[in-house]
Structure formats: C-alpha cells, structure tokens
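[1] can't give you the sequence, but here's the structure:
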C-alpha cells in the first residue's frame, strides 16, 4: 500500500474508509455487471438482438477493464477485496443486471442494460464529487470510468428511442479513457 498516498488523501479531507468502501462497491458492480452482461449478450438473438450485441459486448469488456483498473487504487489506499465472492457480489454499488423474465424481449434487456449504466454513472459521479481537488489519482480514474459509462448509457438509450446522443460505437478500441490505467 502507498502510505503517502493515504496520508495525502486524508490530509485533503477525504474520508479514506468511505472512499475505499465506494471503490470496492463499484469494483463489485463492475465485475458483477461483466458477468450479468455475458448472460444478457448471449440472449440478444434474432435480427433485433443482433443489432445490439456488439454494443453490449463492448460495454461488457469495458466493465471488466474498469474492475481491473480499480483494484490497484483500492490496495494503494489500504483497502482490499472481500475474500468471498458472494460477499463481493452482495456489496455491489448497483443491483444485478439480471436477465428479464422473458429472455427474448430485447427492449426489456435494453432497459436492464441502460439502468445498469445509469447506476454506474451515478456511482462514479459521486466518487468524482468526493475526490475533486482532493485526491487527484482517484478522481482521474473515476472520471475516466465515468466517461465510458456515460457513452454506454448513451448507446443503450438511443436503442430505446430516447433520442440521439452524438456518441458512436468504438471500432477496434476498447476503454479509450481507462486504458492508461491498465498498463
């Protein structure tokens, strides 16, 4: 763990225990979302489902990347992941993105996807607000994840007919904002 990093975060007025809990809970949300998005993506079938599958896959992979990017910061700040996967799942900052009762209802799957992204946007906005001007490294990480989560929400909300977002699917590149934290 990084003692000076912890000291500086606390000196800046950030409640270190609260921040670690938020980071762990959001890491849990990212990993569980990766898992649930796998199930959702597999069920995106037929002509309507196939049009969404690539976007769901990009969001799924990027959520895994978000999980991977959060882990070093959690440990730098003196935190750790729960030893039990069940405990980790249950501390998720967002509810499970479970398959709807009718697994062939593409609109219902889209609603699950967009609501999961909206929960993530709220979570990372909260972390950004907590760390802005106080914990530059965590802020930078949370802001990078937030940028990608906003794009995910925009992609899914367009398919629900909520209006144009101006965002486009990335070709050949995943996690353009978070990739610097994965090196």
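    Great, that's in hand. The model shown is predicted, which means the values in this text are computed figures rather than measured ones.
[2] drop to CA atoms for contacts and neighbour counts, all remaining ones
    Noted.
[3] quick one, helices of the protein?
    Along the chain, counting by DSSP state H, helices occupy 3-11, 16-42, 46-76, 85-90, 106-131, 136-159.
[4] And stretch 172-183, what's buried?
    By neighbour count with 16 or more other C-alpha atoms under 10 Å, stretch 172-183 contains the buried residues 174, 175, 178, 179, 181.
[5] brain fart, stretch 3-20
    5, 6, 9, 14, 16, 19, 20.
[6] Out of those residues, which comes closest to residue 150?
    Distance to residue 150 across the buried residues of stretch 3-20 (C-alpha to C-alpha) is lowest for residue 19, with 21.4 Å.
[7] got any ranges where this structure has weak pLDDT?
    Applying pLDDT under 70 to the chain flags residues 1.
[8] go with 90
    Applying pLDDT under 90 to the chain picks out residues 1-3, 5, 51, 163-174, 183.
[9] mind checking the end-to-end distance for stretch 159-179?
    End-to-end distance of stretch 159-179 (C-alpha to C-alpha, to the nearest Å): 26 Å.
[10] How far does that stretch sit from its chain's centre?
    On the basis of C-alpha atoms, centre = their mean, to the nearest Å, stretch 159-179 is displaced by 14 Å from the centre of the chain it belongs to.
[11] Residue 51: which of the buried residues of stretch 172-183 is nearest?
    If you rank those by distance to residue 51 using C-alpha to C-alpha, residue 174 comes first, at 18.4 Å.
[12] quick one: that closest one from residue 50, how far?
    Using C-alpha to C-alpha, one gets 19 Å for the distance from residue 174 to residue 50.
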